[in-house]
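Enquirer: dropping a prediction and its sequence here:
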Amino acid sequence: MTRWFEDIVIDEMFPLGSHTFSEEEIIRFAKLYDPQYFHVDPDQARHSHFGGLVASGWHTVSVGHRKMVDALFDEAERLRGLGQEPGVSGPSPGVNSMEFKVPVRPGDTVTYELIVTDKRPSNSLPGWGLLFNRLTARNQRDEIVYRAEIVGFSKLRDYRMPMKLKVLLALTSLPVIGPRLRRST
């Protein structure tokens, strides 16, 4: 999230955009990353439990992730355009759940959205907060094709490291004390 942790509003929806999956793209992605017959061969796919060619779930996820990263860059530019300094986003420490609800078929247009459902300061990384997000993807029939609960980091704007932590960090850099402190943590 390119907003500072303090500026993030719970339950605000961020539209990420749409993508139309073509047969050629589905096959190209699957040949590279998930070459199962129902992703790469339209004739064989007709005999699968899907009854036809479908996009790999990882393809659906990858497109959504790209949409999310593009939206982060766009939000940073929007904030700069308003004369504001964008926040700093960090990596994701994980995905709590992921569901593929309805297969994505050639010609489907999938629309992605992100909602921050909760947030809290990080217990392990001072100066950072955790964002709990729901990423949802719907096809043109408004059916959910993919949903995930993901966690991400966002930097706190006004964080000031406590003196106790500054001293501890300084001690860990000393040649004799540092290695012992690092082993004990």
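Expert: In hand now; what should we look at? Numbering: from 1, shown residues only.

Enquirer: sec struct for the residue sitting nearest the centre point of the chain, please.
Expert: Closest residue to the average C-alpha location of the chain: residue 65 at 5.6 Å, with Cα atoms, centre = their mean. With DSSP: H, G, I helix; E, B strand; the rest coil as the basis, residue 65 sits in helix.

Enquirer: gap between the most far-flung residue of the chain relative to its centre and residue 170?
Expert: Here the centre of the chain is the reference, and by Cα atoms, centre = their mean the most remote residue is residue 176, at 40.9 Å. Residue 176 is 13 Å from residue 170, where distance means Cβ to Cβ, to the nearest Å. The C-beta positions use only the backbone N, C-alpha and C, and glycine is treated the same way.

Enquirer: state the mean pLDDT of stretch 98-105.
Expert: Taken as a whole, stretch 98-105 has an average pLDDT of 98.

Enquirer: what sits up against that stretch?
Expert: Defining contact as Cβ atoms under 8 Å, 6 or more residues apart in numbering, one finds that stretch 98-105 is touched by 21, 26, 50, 52-55, 57, 59-61, 110, 139, 143-149.

Enquirer: where does the chain dip in pLDDT?
Expert: Scanning the chain for pLDDT under 70 picks out 1, 161-162, 165-166, 181-182, 184-185.

Enquirer: which parts of it are strands?
Expert: Assignment of strands within the chain using DSSP state E yields the ranges 13-20, 94-100, 109-121, 128-138, 144-155.

Enquirer: of all those strands, which lies closest to residue 80?
Expert: Nearest of the strands of the chain to residue 80, taken as Cβ to Cβ: strand 144-155 at 16.4 Å.

Enquirer: how much does that closest one deviate in direction from strand 94-100?
Expert: 170 degrees (axes from the mean of the first three to the mean of the last three Cα atoms, to 10 degrees).
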